[in-house]
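Participant: sequence and predicted model, in that order:
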Amino acid sequence: MRERTVSERVERKRAEREGAERGTATVLVVALVGLLLAVGLAAAFVTATVAAHRRAQAAADLAALAGAGVASGVSADSCRVAADVAALNHARLTACTRDGADLVVEVAVDGPWMGGHGWVLRGRARAGPGPP
């Protein structure tokens, strides 16, 4: 039986160690890709939610202005016009009231879905005649 030299033993240990660590980088890369995917999805969801909220607020502003632009004495006509304008902006009119000469409207827009749940985003606006 031949005795191994020190360099042969060191080389054998190094080869064994490298074999045990083989594939570690693959696991690390897969974990980092998963993390980046989760962060990307969360960012996309937040962006879609902000965009839907802006859409709701714009629809409310336009509906209030259109409703207030109708003859100020008839509330039913103002609310009908506000509902039509909200619908054209992909929103639902949920409230329409007169506050003195002002028309106050509230609209709802369906927000993004995530994990089987959706949110309803609301916008509120007031419009009326300007100062004398």
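Facilitator: Structure received. Note that the coordinates shown come from a computational prediction; the quantities given were computed from them, not determined experimentally.
Participant: ok so Ala87 is a helix residue?
Facilitator: Yes - applying DSSP: H, G, I helix; E, B strand; the rest coil, one finds Ala87 inside a helix.
Participant: identify the residues contacting it.
Facilitator: Ala87 is in contact with Leu93, counting by CB atoms under 8 Å, 6 or more residues apart in numbering. The way it works is simple: take the backbone N, C-alpha and C, and place the C-beta from them, glycine included.
Participant: quick one, helices of the protein?
Facilitator: 6-20, 24-69, 75-88 (DSSP state H).
Participant: of those, which stretch is the most buried?
Facilitator: helix 75-88 (a mean of 18; mean count of other CB atoms under 10 Å).
Participant: could you check how far the closest residue to Ala58 other than its chain neighbours is from Ala43?
Facilitator: Ranked by CB to CB, 6 or more residues apart in numbering and with sequence neighbours excluded, the top spatial neighbour of Ala58 is Asn89, at 6.6 Å. Per CB to CB, to the nearest Å, Asn89 is found 26 Å from Ala43.
Participant: next one: Val27
Facilitator: 25 Å.
Participant: adjacent strands (with direction) for the top strand by length along the chain?
Facilitator: Ranked by residue count and defined by DSSP state E, the top strand of the chain is strand 102-114. Strand 102-114 sits in its sheet next to strand 92-99 (antiparallel), strand 117-127 (antiparallel), going by DSSP bridges.
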